[in-house]
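**Student:** Sharing a sequence plus its predicted fold:
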Amino acid sequence: IGYVGLFMIARTDGFRAYVEGKVAERLGMRVKVGETRADIGLNIMVRDVATDGINQRGAAGFRMGEARLKWTFRSLLRRGAGPLAAVELSNVYLSFAPSEKGGWAPATLNPVASLLEKWSGAQLPSIEPSRAPEEAPAKSDEGEEKTPPPELTLDRLELSVRNARVTWWRKDGDELAVVDGARLDIKPVELPGREMMYYRFDARSKALSISPRCLA
């Protein structure tokens, strides 16, 4: 009964809204989820995920066809690991835009942006913080100051990404760099006395456009 209950809960609007809230909290951006389901192993499938405004030219965020989250309690035997053992993402679009505070937005995905820039050989220019007056810290509905979401970490997690497109934008809304058809694999590898990480990245195409006004 419990198994059937959990299997059915994953399909409900309430669970979908819960996933939307958790992803939005993690990214610091509003997120819309089209559908959630569970397979016979109670692994979670999340489909048609998109941040607000992602279809607008020059907007930071992401869009994803499907995410599959695989659970195993064996991963708890590894120090510092949780029950989430692997994440498989497909048909992914990542969009990075210059942040007013310097670096790329979404800020929580900066580690991903750095890895993709390094592995693709994009060699993008650094982004200086805006000289505009700093905004007041964001407040929650209760009037408390919001804490910025922490950056995403890729340690101790098996990650598979297929058919990804990554775009870095200029401030004027033109494309600065594009990596298309990207594939990424990250996997922990246990060796006697130590644990290492396996990385693999390749892409179908890369385009880079740099000019004196590249971020103007």
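**Tutor:** Thanks, I have it.
**Student:** residues near Asn43, how many?
**Tutor:** 18 (other C-beta atoms under 10 Å). (Each C-beta comes from the backbone N, C-alpha and C, glycine too.)
**Student:** Could you tell me how far it is located from Thr72?
**Tutor:** 9 Å (C-beta to C-beta, to the nearest Å).
**Student:** just Phe96 next, same as before
**Tutor:** 32 Å.
**Student:** May I have the secondary structure class of the one residue sitting closest to the centre of the chain?
**Tutor:** The centroid of the chain falls nearest to Leu109 when counting by C-alpha atoms, centre = their mean (5.7 Å). Leu109 carries the three-state label helix when classified by DSSP: H, G, I helix; E, B strand; the rest coil.
**Student:** thinking it is in contact with Val92, fair?
**Tutor:** No - using C-beta atoms under 8 Å as the test, Leu109 is too far from Val92 to be in contact (11.5 Å).
**Student:** which residues do those two both contact?
**Tutor:** Common contact partners of Leu109 and Val92 (C-beta atoms under 8 Å, 6 or more residues apart in numbering): Phe62.
**Student:** Buried ones in the biggest helix by length in the chain, by neighbour count?
**Tutor:** When the chain is parsed with DSSP state H, its longest helix is helix 13-27. Neighbour-count burial for helix 13-27, counted by 16 or more other C-beta atoms under 10 Å, picks out Phe15, Arg16, Val19, Glu20, Val23, Ala24, Leu27.
**Student:** Endpoint to endpoint, stretch 26-37 covers what distance?
**Tutor:** With C-alpha to C-alpha, to the nearest Å applied, stretch 26-37 spans 21 Å between its terminal residues.
**Student:** Contacts for it, please.
**Tutor:** Residues contacting stretch 26-37 (C-beta under 8 Å, 6+ apart): 10-11, 15-16, 19-20, 23-24, 44-52, 61, 106-109, 148-149, 152.
**Student:** Check the closest residue to Ala107 other than its chain neighbours and give its pLDDT.
**Tutor:** Distances taken as C-beta to C-beta, 6 or more residues apart in numbering place Ser99 nearest to Ala107, at 6.3 Å, with adjacent residues excluded. Looking at Ser99, its pLDDT is 82.
**Student:** was I right about Ser99 contacting Asn110?
**Tutor:** No - assessed by C-beta under 8 Å, Ser99 is found out of contact with Asn110, at 9.0 Å.
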